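Colleague: Need the 3D shape of this:
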Amino acid sequence: MTEKNVDYLNDEEKKFLLKICRKSLVHYLKKEGMLEIEVDNPRLKEKQGAFVTLHVDGELRGCIGYPLPYKPLYQTIIDVAVAAATEDYRFSPLSEEELESLSIEISVLTLPRKVEKPEEVVVGKHGIIISKGLHKGLLLPQVPLEYGWDLETYLNHGCLKAGLPPDEWRRGVNLEVFEAQVFSEDDYRRE
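Modeller: The predicted structure follows:
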């Protein structure tokens, strides 16, 4: 089955998004408010979901995003970069001093689609959204690869992220999958 909305960014577009991501963080942390820019590239003006993941000295420092296409991609990146730095409840807000050790990763998402069986989830390809009642949790597709998780462990952690018992997926949850184009500043430091 072909995923809908897979329109991959080229290197120039990825570098631009990484640049405005960092620029928006610097701008915000220097107390200059939200970065406001104009973009000409029609691809970056398309509405698309995305997440920004921040690492400082190799350690996770924040990760927030919009799973659905609410805003133009470039604006989503600006918004979620600042949110990842200042609103991730797991961490204190990023400080200006940490910018030097900061590494940025962006995940641009396809639209989520419902799957009927957990076996349809492909570890390393699919991100997951697990929901039941008021509980909802999302894991990006690179997460199980980073931790070496198999499908069962991945689904267990998706349930935990949703605030559900780890094996709730066995009893029935709403399970959606999506794909992501993942790129980081580290990809381009090697050039």
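
Colleague: CA atoms only for stretch 53-61 - export them in PDB, please.
Modeller: The C-alpha coordinates for stretch 53-61 follow below in PDB (Å, rounded to 0.1, in the frame of the first residue of the first chain):
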ATOM      1  CA  THR A  53      13.900  16.700  18.600                       C
ATOM      2  CA  LEU A  54      16.600  18.500  20.600                       C
ATOM      3  CA  HIS A  55      19.700  16.800  22.000                       C
ATOM      4  CA  VAL A  56      22.400  18.500  24.200                       C
ATOM      5  CA  ASP A  57      25.700  16.600  24.400                       C
ATOM      6  CA  GLY A  58      23.900  13.600  22.900                       C
ATOM      7  CA  GLU A  59      21.200  13.500  25.600                       C
ATOM      8  CA  LEU A  60      17.500  14.100  24.700                       C
ATOM      9  CA  ARG A  61      16.500  17.600  25.800                       C
END
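
Colleague: and stretch 20-40, average pLDDT?
Modeller: Summarised as a single mean, pLDDT over stretch 20-40 is 91.

Colleague: residues of that stretch that come out buried?
Modeller: Under the neighbour-count criterion of 16 or more other C-beta atoms under 10 Å, stretch 20-40 has Ile20, Cys21, Arg22, Ser24, Leu25, His27, Tyr28, Leu29, Leu35 buried. C-beta coordinates here come from the backbone N, C-alpha and C atoms, glycine included.

Colleague: and what of stretch 178-188?
Modeller: Neighbour-count burial for stretch 178-188 [16+ other C-beta under 10 Å]: Phe178, Glu179, Ala180, Gln181, Val182, Phe183, Ser184, Glu185.

Colleague: Now the second one. Nearest residue, chain neighbours left out?
Modeller: The shortest distance from Glu179 to any residue that is not its chain neighbour, by C-beta to C-beta, 6 or more residues apart in numbering, is 4.6 Å, and that residue is Thr110.

Colleague: cool, and the third one?
Modeller: Leaving aside its chain neighbours, Ala180 sits nearest to Ser107 (4.1 Å; criterion: C-beta to C-beta, 6+ apart).
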